[in-house]
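Trainee: Here is the input, now give the coordinates:
(chains A and B)
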Amino acid sequence: MPKEHANWSPYDNNGGTCVAIAGADYCVIAADTRMSTGYSILTRDYSKICKLADKSFMASSGFQADVKALQKVLSSRHLIYQHQHNKQMSCPAMAQLLSNTLYYKRFFPYYAFNVLGGLDSEGKGCVFTYDAVGSYERVGYSAQGSGATLITPFLDNQLKSPSPLLLPAKDAVTPLSEAEAVDLVKTCFSSATERDIYTGDSVEIIILNASGVRHESEQLRKD
Amino acid sequence: MFRNQYDTDVTTWSPAGRLFQVEYAMEAVKQGSAAIGLRSKTHVVLACVNKANSELSSHQKKIFKVDDHIGVAIAGLTADGRVLSRYMRSECINYGYTYESPLPVGRLVVQLADKAQVCTQRSWKRPYGVGLLVAGLDESGAHLYYNCPSGNYFEYQAFAIGSRSQAAKTYLERKFEKFTESSRDDLVKDALFAIRETLQGEKLTSAVCTIAVVGVGEAFNILDQKTVQALINEFEISGEEAPADESAPEQSGGAAPDQSGAAAEEEAAPMDI
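Mentor: Alright, predicted model coming up:
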């Protein structure tokens, strides 16, 4: 008896791409602002980045309803942490929390492809990359989402030393300067926009360093 | 006369229609160290006396942040107070999660009161032995509530609970009419004066008291020791009475029992408050 398949799916893919790069004393987190469904565009101006703590920003592509739910759960958990410990969560702690939260729904996952970026307790940039069920790794840079396959090989080429492909791993962070890293991110998105229909409109960039947070935005092709 | 026969159980009424266990719980509040609260149209200030068990130990934490817009000061069994604060925090987080907006203070105190009432009607429980002064801000303005172990709650312009709170209440009764229009700083000063009343002669320093403020444009925060000490110095030098709104710089002549240390500053410089 061939199995009957569902004519309804609880999931949808809203597309989009997320990137994060860790520097010696900064971290860049970026995501495009296009939200799609099927071959249609829902909106050109939707933020996929969420501030989870003073030094942790999460960018997520995938099913935005699940992303929103995930962001709310993590924000509430962070509030509880602050009440109990009287301080903000560190980025590595948030990384573990995100992993546990995702695995909690191992058998009905959050359809969210996450990149967590921030500063660790020493002030160095850190980037953590996840799959939908919480498997994670600290890396020097990462891309997730519909444009990830276009961006990742380019970053591997440009950011040799923090590449997870090198053995032994040389560096967790790139030696690039903050301005160079931001420029690299803009280049990644411009290129991905050319070939990925789900990436475009504009890119929202967050730069985190010792002095605080900075926002940048760059217009992308809208076709 | 019948107190001893009807006070074993919280679920036993006395012939006079009283629940003695509940009243004993309110007694526990009166034994705790003082906590006071006062509010204006835009701000609420909580203050409490922090007595440490001995010189070697740390002070009891009696003021808790519940959310950005709500804080609570407790008097009585501080352990019970901590548990209730945790409940309040949890309620605020859940409400914020569901409605993406801050929990209105009036709703929170009702939930708290209902929680306290449960303990007055179960034979296997005991009432919470803590009084809570809940200070908060919501769309309808600034609020100060007092929650009793009995499950009652009242809204106040200003109130004091705990030991020697009557002295503070007397002070507040004299001054409360002008609180609505008070500025934030005047409110804090009045709070410090009220605390001083409960100390009855003992020197007021930032080591024995804690002050917290919540208001329009100001999330609930506990003032740090240095700020509090600076405020204490400001008004203690300028004289015994809190200056009336005319901000006339009072000389420190007249009865000023707590001239702090280095005296000789009889002619205090006009304070620009």
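
Trainee: nearest spatial neighbour of residue A:73, skipping sequence neighbours?
Mentor: Leaving aside its sequence neighbours, residue A:73 sits nearest to residue A:101 (C-beta to C-beta, 6 or more residues apart in numbering or on different chains; 6.0 Å). C-beta: built from backbone N, CA, C; applies to glycine.

Trainee: Correct me if wrong, but that neighbour is in a helix.
Mentor: Yes. Under DSSP: H, G, I helix; E, B strand; the rest coil, residue A:101 falls within a helix.

Trainee: confidence score at it?
Mentor: On the pLDDT scale, residue A:101 is placed at 98.

Trainee: which residues of the chain fall in strands?
Mentor: This is for chain A. A:17-22, A:26-32, A:35-37, A:40-43, A:49-53, A:56-62, A:112-119, A:125-130, A:136-139, A:141-145, A:202-209, A:212-219 (DSSP state E).

Trainee: wrong one, chain B
Mentor: Along chain B, the stretches classed as strands by DSSP E are B:35-39, B:43-49, B:63-67, B:70-76, B:130-138, B:141-147, B:153-155, B:158-161, B:209-215, B:218-222.

Trainee: Strand partners (parallel or antiparallel) of the shortest one?
Mentor: By that I understand strand B:153-155. Sheet pairing of strand B:153-155 (DSSP bridges) gives strand B:141-147 (antiparallel).

Trainee: tell me the angle of the partner strand relative to strand B:70-76?
Mentor: Between strand B:141-147 and strand B:70-76, the angle formed by their directions is 20 degrees, by axes from the mean of the first three to the mean of the last three C-alpha atoms, to 10 degrees.

Trainee: that older thread, redo the strands of chain B as a markdown table? Include mean neighbour count.
Mentor: Listed next are the strands of chain B as a markdown table, based on neighbours: other C-beta atoms under 10 Å in any protein chain shown:
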| stretch | mean neighbour count |
| --- | --- |
| strand B:35-39 | 30 |
| strand B:43-49 | 29 |
| strand B:63-67 | 23 |
| strand B:70-76 | 28 |
| strand B:130-138 | 27 |
| strand B:141-147 | 22 |
| strand B:153-155 | 15 |
| strand B:158-161 | 26 |
| strand B:209-215 | 24 |
| strand B:218-222 | 16 |
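
Trainee: got those as a markdown table, with distance to residue A:84 and mean pLDDT columns?
Mentor: What follows is these, written out as a markdown table (distance: least, C-beta to C-beta, whole Å; pLDDT from 0 to 100):
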| stretch | distance to residue A:84 | mean pLDDT |
| --- | --- | --- |
| strand B:35-39 | 23 | 97 |
| strand B:43-49 | 21 | 96 |
| strand B:63-67 | 12 | 96 |
| strand B:70-76 | 16 | 97 |
| strand B:130-138 | 20 | 97 |
| strand B:141-147 | 23 | 97 |
| strand B:153-155 | 27 | 97 |
| strand B:158-161 | 26 | 97 |
| strand B:209-215 | 19 | 96 |
| strand B:218-222 | 16 | 96 |
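
Trainee: As JSON lines, the ones you listed with distance to residue A:184 would be great.
Mentor: Converted to JSON lines, those look like this (distance: least, C-beta to C-beta, whole Å):
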{"stretch": "strand B:35-39", "distance to residue A:184": "54"}
{"stretch": "strand B:43-49", "distance to residue A:184": "48"}
{"stretch": "strand B:63-67", "distance to residue A:184": "41"}
{"stretch": "strand B:70-76", "distance to residue A:184": "45"}
{"stretch": "strand B:130-138", "distance to residue A:184": "45"}
{"stretch": "strand B:141-147", "distance to residue A:184": "50"}
{"stretch": "strand B:153-155", "distance to residue A:184": "58"}
{"stretch": "strand B:158-161", "distance to residue A:184": "60"}
{"stretch": "strand B:209-215", "distance to residue A:184": "45"}
{"stretch": "strand B:218-222", "distance to residue A:184": "38"}
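
Trainee: Of all those strands, which one comes closest to residue B:233?
Mentor: Shortest distance between residue B:233 and these, using C-beta to C-beta, is found for strand B:209-215: 13.5 Å.

Trainee: Show me which residues of chain A sit near chain B.
Mentor: Listed as neighbours of chain B in chain A under the rule C-beta under 8 Å from any C-beta of the partner chain: A:72, A:76, A:79-80, A:83.

Trainee: Mind picking the two most distant members of those?
Mentor: A:72 and A:83 (17.1 Å).

Trainee: With neighbour numbers in mind, choose between those two.
Mentor: Applying other C-beta atoms under 10 Å in any protein chain shown to residue A:72 and residue A:83 shows that residue A:83 carries more neighbours, namely 18 against 15.

Trainee: give the contact list for the more buried one.
Mentor: Counting by C-beta atoms under 8 Å, 6 or more residues apart in numbering or on different chains, residue A:83 makes contact with B:65, B:86, B:89.
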